[in-house]
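Student: Just need the structure, nothing else, for what follows:
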Amino acid sequence: MGLNKHYDYTDNFSEIVHSTRPIGAEELADRFFRAPQWIITLMKCRNTMVKPFGLKGEKKLSDLIKIESENVASLNKIDKHLDYEVMLITENLGNGNQRISVSTKVCLHNWLGKLYFAVIKPFHRLICKTLIKRVRRNLELS
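Tutor: Modelled structure (predicted):
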């Protein structure tokens, strides 16, 4: 998605990880997309619900991940109803602290995109918050 593009929705969720071991973007992406069963079930329901509208359900979002740098991983999807970009970022804050973040940008193209996103937005926010917190806990335990 371009630099001067208008976004209809943006978010950012961050957690501070207490770990002296460096966390890279590839590890963050790998851990972020290891979803618990309840999220996998929600995604399967979504895929079933959007099929009659001609929208494609995602197979595995982790397959779309591109490692941009040591600290940044991205996922982009362009479709007829909406485009989205997900960024996963790690930041060394010093003193054994690192920030891990997930941010999303969405451009809606038509009424179907607006309807679809209105329905999934609360779930999207819940899932992103849950996954980034889960990654933090798992990293601190490892």
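
Student: Pick out the residue nearest the middle of this protein.
Tutor: For the chain, the residue sitting closest to the mean C-alpha position, by Cα atoms, centre = their mean, is Val86 at 4.9 Å.

Student: can you pull the pLDDT of the residue nearest to Pro36 when sequence neighbours are not counted?
Tutor: Of all residues not flanking Pro36 in the chain, Arg134 sits nearest, at 7.4 Å (Cβ to Cβ, 6 or more residues apart in numbering). The C-beta positions use only the backbone N, C-alpha and C, and glycine is treated the same way. Per-residue confidence (pLDDT) for Arg134: 94.

Student: State the three-state secondary structure for Gln98.
Tutor: Using DSSP: H, G, I helix; E, B strand; the rest coil, the structure places Gln98 in strand.

Student: List the residues that contact it.
Tutor: 16-17, 19, 22-23, 90-92 (Cβ atoms under 8 Å, 6 or more residues apart in numbering).

Student: Tell me which of those residues fall in strands.
Tutor: 16-17, 90-92 (DSSP state E).

Student: Report whether the residue nearest to the centre of the chain is found in a strand, as I expect.
Tutor: Yes. Applying three-state DSSP, one finds Val86 inside a strand.

Student: buried stuff in stretch 122-131?
Tutor: 124, 127-128, 131 (16 or more other Cβ atoms under 10 Å).

Student: where does this protein have its least confident helix or strand?
Tutor: helix 37-50 (a mean of 77; mean pLDDT, DSSP states H and E).

Student: what about that one, distance to the chain center?
Tutor: Distance of helix 37-50 from the chain centroid (Cα atoms, centre = their mean, to the nearest Å) equals 15 Å.

Student: which secondary structure elements does it contact?
Tutor: Counting contacts by 3 or more Cβ pairs under 8 Å, 6 or more residues apart in numbering; DSSP states H and E, helix 37-50 packs against helix 111-141.
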